[in-house]
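A.B. asks: Structure of the sequence below:
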Amino acid sequence: MSISGLGTSHLQQTKLDKKAADLLEPLATWLSTLDFAPHVEEFEILAHAQLREKIKPLLTELGLLNKAYSVVRIPGPKSAPFYNSEGSAYIIPIRTMGESHPTVSERPLVPGEITYITAGVKVSPKLDLLFVLQ
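C.D. replies: Model (predicted):
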């Protein structure tokens with residue numbers, strides 16, 4: 001899947017190709033075993049020695065390997081703000097928790113899809129996601 005097919009308009013959602021989507025499950029399993037560190041606002045961030053190694057296959061498949069990224073947990077109960085002050089970004093849900101149905105600006109966030117944003121958004125809990133700056 002190339003970066004050109006990942007989004008051109010705010011809140012555009014694109015289904016990941018099978019190869020990229022198949023990389024999410026092992027990531028989700030790994031993330032479910034880890035503690036995240038509190039960050040700002042209403043989310044937590046993952047700082048782990050193996051993160052780069054674990055996330056590299058997905059970033060490579062998406063054509064985003066050389067982009068800045070964070071793996072974030074939104075534990076709730078409040079939504080968390082996301083934006084890139086220098087341009088656009090991608091939100092890639094990796095794992096939802098329990099029976100939650102997270103959203104980005106009232107659109108569903110589903111593992112296996114990528115959402116392109118060009119302005120600030122609110123992401124509702126409960127999920128782990130990959131946030132990539134364009």
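
A.B. asks: contacting residues around the closest residue in space to Gly76 that isn't next to it in sequence?
C.D. replies: Distance criterion CB to CB, 6 or more residues apart in numbering; nearest residue to Gly76, sequence neighbours excluded, is Pro125 at 3.1 Å. Using the backbone N, CA and C atoms, a C-beta is placed for each residue, glycine as well. Pro125 is in contact with Glu42, Ile74, Pro75, Gly76, Pro77, Lys78, Ser79, Ala80, Met97, Ser100, Pro102, counting by CB atoms under 8 Å, 6 or more residues apart in numbering.

A.B. asks: which of these count as buried?
C.D. replies: Glu42, Ile74, Pro75, Gly76, Ser79, Ala80, Pro102 (16 or more other CB atoms under 10 Å).

A.B. asks: Verify the stated contact: the first one with Arg73.
C.D. replies: Read it as Glu42. No. Glu42 lies out of contact with Arg73 (CB atoms under 8 Å); the separation is 10.3 Å.

A.B. asks: Mind naming the longest helix for the chain?
C.D. replies: helix 51-62 (DSSP state H).

A.B. asks: Against which helices or strands is it packed?
C.D. replies: Packing contacts for helix 51-62, counted by 3 or more CB pairs under 8 Å, 6 or more residues apart in numbering; DSSP states H and E, involve helix 18-22, helix 24-31, strand 69-74, strand 89-96, strand 127-133.

A.B. asks: Which pLDDT does the model give the residue lying farthest from the centre of the chain?
C.D. replies: Within the chain, Ala49 marks the point farthest from the mean C-alpha position, 18.9 Å out by CA atoms, centre = their mean. On the pLDDT scale, Ala49 is placed at 96.

A.B. asks: on that earlier part again, among the contacts of Pro125, which ones are in strands?
C.D. replies: In strands, judged by DSSP state E, the following of the contacts of Pro125 are found: Ile74, Ala80.

A.B. asks: For the longest helix of the chain, could you pull out the residues that count as buried?
C.D. replies: Buried-residue list, helix 51-62, by 16+ other CB under 10 Å: Leu51, Lys54, Ile55, Pro57, Leu58, Leu59, Glu61, Leu62.
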